[in-house]
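Novice: quick one, fold the following:
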Amino acid sequence: MELVKSKYYWWNNWAGMAIIILLVIALPVFTIVWKLFDSPGETWTHLVDTLLWDYSKNTLLLLLGTALFSAIIGVTAAWFIANYEFPLRKYFEWLLILPLAVPAYIMAYTYAGMLSYTGPIQTFFRNQLGWNTSGPFLDIMNIPGAMFILGISLFPYVYVMARSSFMQQSRNLQEASYLLGMGSFRTFFKVALPMARPAIAGGLSLIAMEVLNDYGTVKYFGVNTFTTGIFRAWFSLGDAGAAIYLSAILTVVVFALLWLETKQRGEASYTQGSNAPKPFVRKALIGWKKWTVLSFLISLFLVAFGFPIAQILAWVWATFHKVVTADFIQIILRSFSLAVGTGLFIVCFAIIMLYAVRLTKVKWLQTVSKLAVLGYAIPGAVIAVGIFIPLLQLDNVIIDVFKSLSFASPGLLFSGSVFTLIFAYIVRFLAVGFNPIDAGFQKVGRHVNEASRLLGFSDTKTLFKIDLPLIRNSIFSALLLVFVDVLKELPLTLILRPFNFQTLATKAFDMATNEMIAESANASLIIIMTGIIPVILLNRIIRTRKA
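Specialist: Coordinates of the predicted model:
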């Protein structure tokens, strides 16, 4: 019995595999830290003197502006949906999550096209109203425009978490507030909003990660941020060292945001007492209040999803006959294969790490396994730089070995192939697959494994015969979420794709930047329609938790 206890409480083969995976996943961070010890070159000095302030200022403005805008519209919509009854409320519950299915860079192309001189708005004014305007109807190709695009694309993160928090709050607290003479307005700011602060902060932290990772929107709008700076240093200036230094600064910003979000969550503690809370009953809105709320939600949905989708569908209808060719079908199949393959790798790695923690009750292993999810917080451009440099060095070593043996050069086996791209996807999106599978294992509990071992089953047989069938829904959810994220990922793919390698995301980006916005809608529509699936599942989860 002592041998069995030692085996399962201290070390096993699963723990060894988990540690190897964790070391591989940490490669980008190790690379950046290691390269920081190299002396900066002239390019870095030039960037510090001319562009670093712009990168810092614009990134900070974009973060704060997007967070504020998203918080205002997301929390307001969540409060109305959670607390009041009005026409179409149950439809707006899930309609306001749909903007998550539209990547910000696609939203940027669409609005730029809608507001351009040849777009539908200016065309309508010229043809129907006789207004002759020069230039765009409304110039959004600037920092405020980028804030607007990122805000309407990402506010559902705040909406979903705030709505869930508002629905879980006890009705007793709000009634006590009313009895103390506070109206609805003061109750919201004094009671409901402070209690929802941790949830709102969680949503804003996700928005911050997405803003720091964004490349398509800021590049198209001509806004200099750290992400565009990394691309410029890497591709235009050809200086890997400068890209590393910019990546290091951006990584520090990311971890500072994570620390602040964790700290404020740790300090916030709200309880509702030991008595059962009173059932939550929504107030029925009447008169002008009902129509005001309804108008706000309709406008928000149309701006964040309805108008862009209508424009994309119109462009697809006008261009699909010349865009959807055999080459385009090949891009679709390649993108889907890449997403499925990455999803399978991530699911396997997540299962290995979580099963190792399940079998090995060692505190440090449980803590270290959580580091695997940090890849999602690191911007894609940083991951790309941190992966490409060591793999390129490995390729150079292999080429030198072949030359010393008088063999033909094998070329760039790793850094010039799809291997690097899949590797980067795994690092970035491991958290997306890790969390659903972790939740599935937690629901099953450890007693199942203990009972299986008492019956003489090995670890591997227990996993395949008992655990995996019990968490198959979690595995499917993880695979689906990874599939969607890989399909729409842009910065990683642009940096690490092999020569002449296109995915749906890069195809849409290339067409839009080449002033073929209408043609880019075909690839964009496929990405959006695929992204709607997990949005529907997310709404079902929220409704189930509420029930």
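
Novice: OK, contacts around residue 150?
Specialist: Residues counted as contacts of residue 150 (C-beta atoms under 8 Å, 6 or more residues apart in numbering) are 62, 66, 70, 104, 207, 210-211, 214, 217. C-betas here are computed from N, CA, C, even on glycine.

Novice: quick one: the helices in the stretch 351-500 of the chain, in order.
Specialist: In the stretch 351-500 of the chain, helices defined by DSSP state H, counting those that start in this stretch lie at 363-369, 380-404, 418-444, 447-454, 459-462, 468-470, 472-488, 491-496, listed in chain order.

Novice: same for the fifth one, what does it pack against?
Specialist: It stands for helix 459-462. Using 3 or more C-beta pairs under 8 Å, 6 or more residues apart in numbering; DSSP states H and E as the contact test, the elements touching helix 459-462 are helix 447-454.

Novice: what's the angle between the helix it packs on and helix 418-444?
Specialist: Interaxial angle, helix 447-454 versus helix 418-444 (axes from the mean of the first three to the mean of the last three C-alpha atoms, to 10 degrees): 90 degrees.

Novice: re earlier: reformat the helices of the stretch 351-500 of the chain as TSV; add distance to residue 232 and mean neighbour count.
Specialist: Output for these, formatted as TSV (distance: least, C-beta to C-beta, whole Å; neighbours: other C-beta atoms under 10 Å):
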stretch	distance to residue 232	mean neighbour count
helix 363-369	35	14
helix 380-404	11	19
helix 418-444	20	22
helix 447-454	51	14
helix 459-462	49	16
helix 468-470	46	13
helix 472-488	23	21
helix 491-496	12	24
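
Novice: generate CSV for the ones you listed, with distance to residue 309 as supplementary columns.
Specialist: Shown next, in CSV, are the helices of the stretch 351-500 of the chain (distance: least, C-beta to C-beta, whole Å):
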stretch, distance to residue 309
helix 363-369, 40
helix 380-404, 25
helix 418-444, 24
helix 447-454, 45
helix 459-462, 47
helix 468-470, 38
helix 472-488, 15
helix 491-496, 24
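
Novice: of all those, which lies closest to residue 247?
Specialist: Residue 247 lies closest, by C-beta to C-beta, to one member of the helices of the stretch 351-500 of the chain: helix 380-404, at 4.3 Å.

Novice: what comes into contact with that closest one?
Specialist: For helix 380-404, using C-beta under 8 Å, 6+ apart, the contacting residues are 27-32, 35, 213, 215, 227, 230-231, 234, 240, 243-244, 247, 250-251, 375, 408-416, 420, 423-424, 427-428, 489-492, 495-496.

Novice: and stretch 25-43, which residues are buried?
Specialist: Of the residues in stretch 25-43, 25-29, 31-32, 35, 43 count as buried by neighbour count, 16 or more other C-beta atoms under 10 Å.

Novice: next: stretch 312-329.
Specialist: 312, 315-316, 319, 323, 328.

Novice: residue ranges with poor pLDDT in the protein?
Specialist: 1-12, 128-137, 169-185, 261, 263-281, 361-368, 445-446, 449, 538-547 (pLDDT under 70).

Novice: how close does the spatially most central residue of it get to residue 198?
Specialist: The chain has residue 210 as the residue nearest its centroid, 5.7 Å off, counting by C-alpha atoms, centre = their mean. Here residue 210 is placed at a distance of 19 Å from residue 198 (C-beta to C-beta, to the nearest Å).

Novice: with residue 302 instead?
Specialist: From residue 302 to residue 198 the distance is 31 Å (C-beta to C-beta).

Novice: who's more crowded, those two?
Specialist: residue 198 (19 against 13; other C-beta atoms under 10 Å).

Novice: what ranges do the strands span in this structure?
Specialist: Taking DSSP state E as the test, the strands found in the chain are 84-85, 283-284.

Novice: what strands flank the last one, and is each parallel or antiparallel?
Specialist: The strands beside strand 283-284 in its sheet (DSSP bridges) come out as strand 84-85 (parallel).

Novice: quick one: contacts for the residue nearest to residue 373 when sequence neighbours are not counted?
Specialist: Leaving aside its sequence neighbours, residue 373 sits nearest to residue 431 (C-beta to C-beta, 6 or more residues apart in numbering; 3.5 Å). By C-beta under 8 Å, 6+ apart, residue 431 lies in contact with 372-377.

Novice: mind doing that once more with 7 Å?
Specialist: 373, 375-376 (C-beta atoms under 7 Å, 6 or more residues apart in numbering).

Novice: residue 517: which of those is nearest?
Specialist: For the contacts of residue 431, the minimum distance to residue 517 (C-beta to C-beta) is 29.7 Å, reached by residue 376.

Novice: so what's that closest one up against?
Specialist: 428-429, 431-432.

Novice: CSV for the contacts of residue 150, including distance to residue 258?
Specialist: Listed next are the contacts of residue 150 as CSV, based on distance: C-beta to C-beta, whole Å:
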residue, distance to residue 258
62, 18
66, 17
70, 18
104, 21
207, 13
210, 14
211, 14
214, 18
217, 22
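
Novice: which two among those residues are spaced furthest apart?
Specialist: 70 and 217 (14.1 Å).

Novice: which one of the helices of the stretch 351-500 of the chain lies nearest to residue 193?
Specialist: Of the helices of the stretch 351-500 of the chain, nearest to residue 193 by C-beta to C-beta is helix 418-444, at 26.9 Å.

Novice: the inter-axis angle of the closest one versus helix 472-488?
Specialist: Angle of helix 418-444 versus helix 472-488, following the same axes, to 10 degrees, is 150 degrees.

Novice: show me how far helix 418-444 is from its chain's centre.
Specialist: What separates the centre of helix 418-444 from the centre of its chain is 13 Å, taken as C-alpha atoms, centre = their mean, to the nearest Å.

Novice: what of stretch 440-453?
Specialist: 31 Å.

Novice: distance across that stretch, terminal residue to terminal residue?
Specialist: With C-alpha to C-alpha, to the nearest Å as the measure, stretch 440-453 spans 20 Å from end to end.

Novice: skipping its backbone neighbours, what lies nearest residue 518 in space?
Specialist: residue 315 (4.1 Å).

Novice: could you check how far that neighbour is from residue 115?
Specialist: 14 Å.

Novice: which residues touch residue 109?
Specialist: 220, 512, 517, 520.

Novice: which stretches in the stretch 1-150 of the chain count as helices?
Specialist: 2-9, 13-25, 27-35, 42-50, 52-83, 89-95, 104-115, 120-128, 143-168.

Novice: wait, residue 478 touches residue 347, no?
Specialist: Yes: between residue 478 and residue 347 there is a contact under C-beta atoms under 7 Å: 5.6 Å.

Novice: shared neighbours of the two, anything?
Specialist: 433, 437.

Novice: JSON lines for the helices of the stretch 1-150 of the chain, including distance to residue 472?
Specialist: Shown next, in JSON lines, are the helices of the stretch 1-150 of the chain (distance: least, C-beta to C-beta, whole Å):
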{"stretch": "helix 2-9", "distance to residue 472": "25"}
{"stretch": "helix 13-25", "distance to residue 472": "20"}
{"stretch": "helix 27-35", "distance to residue 472": "31"}
{"stretch": "helix 42-50", "distance to residue 472": "50"}
{"stretch": "helix 52-83", "distance to residue 472": "32"}
{"stretch": "helix 89-95", "distance to residue 472": "25"}
{"stretch": "helix 104-115", "distance to residue 472": "32"}
{"stretch": "helix 120-128", "distance to residue 472": "46"}
{"stretch": "helix 143-168", "distance to residue 472": "25"}
